[in-house]
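S.K.: This is a predicted model, with the sequence first.
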Amino acid sequence: MKKSFCFPVLMLLIIANGCYQVSPENKSKLYVAIKDGKFGYIDYTGKYVIQPQFVKAGSFSEGFAPVYDGSKWGFIDKTGIITIEPQFDSYAFFQDGMAVVVLDGKYGFIDTSGAMVIEPQFESAYNFFEGLAAVGNEGKWGYIDMSGKCVIEYQFDDAKAFASGLAPVLVEKRWGYINTGGEMVIEPQFYGADSFVDGLASVLESSKAGFINISGEFEIPPVYELAFSFSEGLAAVRNGGSWGYIDKTGKLVIDYRFENAKFFRDGLAPVSVNRLWGYIDTSGKLVIDTQFVHADYFSGELALVWNKDEHGYVNRNGKVVFMESW
């Protein structure tokens with residue numbers, strides 16, 4: 001009996017053409033797009049699933065997206081139905097089931113039903129991370145829990161999100177780190193500090209950047225002009241005016257050859273050469289040629305890109321699936 005080789009040949013053709021199975025999660029993602037001055041949402045194929053109708057709109061987070069009716073912000077679900085009526089002056093995306101909103105210049109928090117669970121009372125506020133949110137009043141920052149109770153008193157000149165149980169805080173022009181109890185566990189000493197990612201945080205000591213561990217010791221010495229936080233095991237660093245990427249041991253795994261570089265998301269990172277942006281994979285291979293005036297991160301199957309007079313989305317194979325004038 002003659003054997004069939006159709007299936008192996010088909011698989012080789014699929015691999016050769018860069019095709020792959022799109023996950024259900026990525027199929028369900030929606031992306032903001034503009035047509036004739038109105039905002040709507042497309043799917044990963046570039047097809048509109050929520051027709052352009054909003055004056056402004058933001059990305060989906062936890063199943064909801066902010067939309068602007070020309071006067072106030074509200075939220076829609078993935079069917080395009082307004083689930084939280086436009087009533088806010090400004091907003092932040094949903095995180096852990098809550099979102100920062102602004103009313104009459106004060107910041108508060110709503111839940112996904114639109115209920116105001118923490119009344120607007122803060123001059124500034126960030127989203128919740130690890131159960132705590134940084135809030136500002138009268139020029140000082142502290143932290144509240146998800147009930148709105150102030151659990152770390154207003155005492156810092158600036159504050160960032162908790163990660164790995166630690167948060168960067170600014171005291172007299174120097175950054176240190178506190179724990180969730182509000183104790184200063186890494187003394188203020190840095191000119192800049194980011195939140196921890198996978199046990200490492202990018203900090204600026206004098207004029208050079210490096211990475212510390214949760215004990216405050218340098219795991220990767222401060223030898224870089226600039227350094228971004230780790231993402232997917234790699235961090236973008238700059239030396240001699242050019243960007244490359246290091247791994248968590250500090251080894252340079254992608255050479256300094258880019259004018260600009262960003263974080264890795266979903267296996268790809270935007271980079272620029274000769275003022276044009278494209279995308280590399282984690283091996284440093286340029287998988288989408290530098291061709292855009294600017295490029296944003298991938299989210300699932302698509303990344304936002306734009307040129308002088310138009311914006312659109314490119315997929316992971318480098319195909320432009322949507323492009324419209326601004």
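M.R.: Good, I have the coordinates. Keep in mind it's a predicted model, so treat the numbers as computed, not measured.

S.K.: Point out the other helices and strands that the host helix or strand of D289 packs with.
M.R.: Taking DSSP states H and E as the criterion, D289 maps to strand 286-292. On a contact count with 3 or more CB pairs under 8 Å, 6 or more residues apart in numbering; DSSP states H and E, strand 286-292 meets strand 268-273, strand 276-281. (C-beta placed from N, C-alpha, C; glycine too.)

S.K.: Take these and lay them out in CSV including distance to D43, mean pLDDT and mean neighbour count.
M.R.: Output for the helices and strands packed on strand 286-292, formatted as CSV (distance: least, CB to CB, whole Å; pLDDT from 0 to 100; neighbours: other CB atoms under 10 Å):
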stretch, distance to D43, mean pLDDT, mean neighbour count
strand 268-273, 19, 98, 22
strand 276-281, 21, 98, 21
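
S.K.: looking at those strands, which is closest to K173?
M.R.: Closest to K173 of these is strand 268-273 (CB to CB; 32.0 Å).

S.K.: What helices and strands are in contact with the closest one?
M.R.: strand 252-258, strand 260-261, strand 276-281, strand 286-292, strand 294-299.

S.K.: closest one to N179 among those strands?
M.R.: strand 294-299 (30.1 Å).

S.K.: Skipping adjacent residues, who's closest to G312 in space?
M.R.: In this structure, G312 finds its nearest non-sequential neighbour in M323, 3.4 Å apart by CB to CB, 6 or more residues apart in numbering.

S.K.: Just give the strands next to the helix or strand hosting the one you found in its sheet, each with its orientation.
M.R.: M323 is part of strand 320-325, with elements assigned from DSSP H and E. Using DSSP bridges, the strands paired with strand 320-325 are strand 310-315 (antiparallel).

S.K.: between the strand it pairs with and strand 294-299, how many degrees?
M.R.: For strand 310-315 against strand 294-299, the angle by axes from the mean of the first three to the mean of the last three CA atoms, to 10 degrees is 40 degrees.

S.K.: Distance of A92 relative to T45?
M.R.: Distance, A92 to T45, using CB to CB, to the nearest Å: 29 Å.

S.K.: Of those two, give the one with the bigger neighbour count.
M.R.: For A92 versus T45, the count of surrounding residues by other CB atoms under 10 Å is larger for A92: 18 against 14.
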